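Novice: predicted model follows, preceded by the sequence.
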Amino acid sequence: MGFGTVVTGLGAIAFAGWAAIEWQFRQRAGNALEMTTGKWNLEVYEPHHYQLVGEFEIKNPTPNLEIFVPELTAEATLLSKESLAGIDYQITVTPNHPDAPARADGYWFGYIVKIGKTTRFTLTLDIKGSDLSTLQSAWIRVNYMTYGPEGRVPKTRHVVVPLKFPAVEDSANWRSAETVSVLPIRTHLLTHLDSPLDIVQRYVLPHAQPGDVVAIAESPLALMQDRFHHPSTVKPGWLARRICYFFMPTSSLATACGMQTLVDIVGSWRVLGAFLGGAFAKKFLDKPGLFYELAGEQARLIDDVTGTLPPYDQFIVLGPENVQAVVDDIRRKTGLAAAIVDVNDLRAVKVLAATDDVSQKLLEAALVSNPAGNADEQTPIVLIRPIKPEAKT
């Protein structure tokens, strides 16, 4: 056996060993710690004092590995359309570990979340001021460090909690078109704490009559489904960084994080195939827009930062999921026909799902002028009432 043959054999063995280690590494979950968005209660809601209390749970689903949480802190941003002068807040975190009491000084001591186990903590946000009625929401960030097989990995859990709740009477501005009347429904800032059915029952049913149709905008529905994430949690890959340059500046796929969000949903091969197919169709067949057909519905529905109301303007919002189940549930439990729609100021109405008693023509007639608006109207739902021919004057 010659020297070259030995070297080649050793190289093959080394490559096989490296490949085996790499394959095994890619199968591992790493610091796969999960934190819930919390169960929240507005314990105090007085003119000069609000107190929000959230109960969080931390889970360790990482197989065969314990994960440390050596650091955990919280911060908040209060949002209002008025000045925040004279308004102060204090935020505290209290561990509720099953096997270790919390320290009286509020210090978060390093804690090990064992395999398959959970721990909890309570977050309390006290807000005080001479007039809190202008506050709209609180954006809370829980910053924590995970320590495990991937080293120290910083993570953040974002939570938005509403602080202002409009009255049912605030939605009273019916508008008439040729065949329908529409009522934009004002709500509080929708969050993961809400459900579509609860919102319809709270804000829509007091105005509704038999035969009305409830149209819910797709982005607020996605927010209620907790389908949004901060760009800091997105790691753009080779493909996303390169092809995002080929999209219009106004597209939500024109940034590396926006494009990577789509890659994470449908896969890199599908995005690459859609990009190549779309480029060919546009160049040689004079058929623009094929990319969005090939890449799937989420390609059109992703909203990059600044696409929604504060504080969601800091996040990437995905399209909603299980939309047909949502409208069917509303129809079954309220008796109202329902639809999930994507409407913009360009007079485009896209229906993502609708109960079988709703026509596309009716929705287009009602929504083509975008009565809900694309600014800060905070009217994510439109109630549609068909005008009977005999009722015309």
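Specialist: Everything's here; your move. Residues are numbered from 1 along each chain as shown.

Novice: pLDDT weak spots in this protein?
Specialist: Applying pLDDT under 70 to the predicted model, the residue ranges of the chain that meet it are 1-4, 6-30, 345-346, 374-375, 389-393.

Novice: can you list the domains in it?
Specialist: The chain resolves into domains spanning 34-162, 168-226+319-391, 228-317 when parsed by automatic domain parsing.

Novice: dump those into JSON lines; add mean neighbour count and distance to residue 5 as well.
Specialist: (Glycine included, C-beta is placed from N, CA and C.) Listed next are the domains of the chain as JSON lines, based on neighbours: other CB atoms under 10 Å; distance: least, CB to CB, whole Å:
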{"stretch": "domain 34-162", "mean neighbour count": "16", "distance to residue 5": "38"}
{"stretch": "domain 168-226+319-391", "mean neighbour count": "18", "distance to residue 5": "57"}
{"stretch": "domain 228-317", "mean neighbour count": "17", "distance to residue 5": "36"}
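
Novice: pretty sure residue 253 is touching residue 299, no?
Specialist: Yes. In this structure, residue 253 is within contact of residue 299 by CB atoms under 8 Å, at 6.9 Å.

Novice: joint contacts of these two?
Specialist: Common contacts of residue 253 and residue 299 (CB atoms under 8 Å, 6 or more residues apart in numbering): residue 262.

Novice: need the contact list for residue 112.
Specialist: The neighbourhood of residue 112, defined by CB under 8 Å, 6+ apart, consists of 66-69.

Novice: against residue 269, how distant is the residue sitting nearest the centre point of the chain?
Specialist: Closest residue to the average C-alpha location of the chain: residue 228 at 2.3 Å, with CA atoms, centre = their mean. Using CB to CB, to the nearest Å, residue 228 is found at 25 Å from residue 269.

Novice: gap between the spatially closest residue to residue 212 that is not a sequence neighbour and residue 176?
Specialist: Excluding the flanking residues, the one nearest residue 212 by CB to CB, 6 or more residues apart in numbering is residue 385, at 5.1 Å. According to CB to CB, residue 385 and residue 176 sit 9 Å apart.

Novice: same check, this time on residue 287
Specialist: Residue 287 sits 39 Å away from residue 176, going by CB to CB.

Novice: what do you get for residue 379?
Specialist: 17 Å.

Novice: dig out what the nearest residue to residue 100 once chain neighbours are set aside forms beta bridges with.
Specialist: The shortest distance from residue 100 to any residue other than its chain neighbours is 7.0 Å, reached at residue 111 (CB to CB, 6+ apart). When assigned by DSSP bridges, residue 111 has beta-bridge partners residue 69.

Novice: and for the one 10 residues further on?
Specialist: Residue 121 has the following beta-bridge partners by DSSP bridges: residue 56, residue 95.

Novice: residues contacting it?
Specialist: For residue 121, the contacting residues are 56, 58, 72, 93-96, by CB under 8 Å, 6+ apart.

Novice: relative to residue 209, which of the residues you listed is nearest.
Specialist: Nearest to residue 209 among the contacts of residue 121: residue 56, at 42.0 Å, using CB to CB.

Novice: quick one: which helix or strand includes residue 383?
Specialist: Counting by DSSP states H and E, the element that carries residue 383 is strand 381-386.

Novice: counting contacts, what elements does that strand pack onto?
Specialist: Helices and strands touching strand 381-386, as assessed by 3 or more CB pairs under 8 Å, 6 or more residues apart in numbering; DSSP states H and E, comprise strand 180-185, strand 213-217, helix 360-367.

Novice: so which of the ones you listed is nearest residue 51?
Specialist: For the helices and strands packed on strand 381-386, proximity to residue 51 was assessed by CB to CB; strand 180-185 is nearest, at 28.8 Å.

Novice: by contact count, what packs against that closest one?
Specialist: In terms of contact count using 3+ CB pairs under 8 Å, 6+ apart, strand 180-185 is assigned the packing partners strand 175-176, helix 360-367, strand 381-386.

Novice: can you check what angle separates the longest one from strand 180-185?
Specialist: Using axes from the mean of the first three to the mean of the last three CA atoms, to 10 degrees, the inter-axis angle of helix 360-367 relative to strand 180-185 is 60 degrees.

Novice: contacting residues around helix 360-367?
Specialist: Residues external to helix 360-367 that are found in contact with it (CB under 8 Å, 6+ apart): 177-180, 182, 213, 215, 339, 341, 343, 349, 351, 354, 382, 384, 386.

Novice: mind exporting the C-alpha coordinates of that helix to PDB?
Specialist: Listed next in PDB are the C-alpha coordinates belonging to helix 360-367 (Å, rounded to 0.1, in the frame of the first residue of the first chain):
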ATOM      1  CA  GLN A 360     -66.900  37.800  -3.300                       C
ATOM      2  CA  LYS A 361     -68.900  40.500  -5.100                       C
ATOM      3  CA  LEU A 362     -70.500  41.700  -1.800                       C
ATOM      4  CA  LEU A 363     -67.100  41.900  -0.100                       C
ATOM      5  CA  GLU A 364     -65.500  43.800  -2.900                       C
ATOM      6  CA  ALA A 365     -68.400  46.300  -3.000                       C
ATOM      7  CA  ALA A 366     -68.100  46.900   0.700                       C
ATOM      8  CA  LEU A 367     -64.300  46.900   1.100                       C
END
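
Novice: return the distance of it from the chain's centre.
Specialist: Here helix 360-367 is found 27 Å from its chain centre; the criterion is CA atoms, centre = their mean, to the nearest Å.

Novice: cool, and the shortest one?
Specialist: Averaging C-alpha coordinates over strand 175-176 and over its chain gives two centres that are 32 Å apart (CA atoms, centre = their mean).

Novice: who does that strand pair up with?
Specialist: The strands beside strand 175-176 in its sheet (DSSP bridges) come out as strand 180-185 (antiparallel).

Novice: contacts for the strand it pairs with, please.
Specialist: Outside strand 180-185, the residues within contact range by CB under 8 Å, 6+ apart are 171-175, 203-204, 207, 362, 365-367, 371-373, 377, 379-387.

Novice: returning to that earlier point: which one of the contacts of helix 360-367 sits closest to residue 85?
Specialist: Closest to residue 85 out of the contacts of helix 360-367 is residue 382 (36.2 Å), distances taken as CB to CB.
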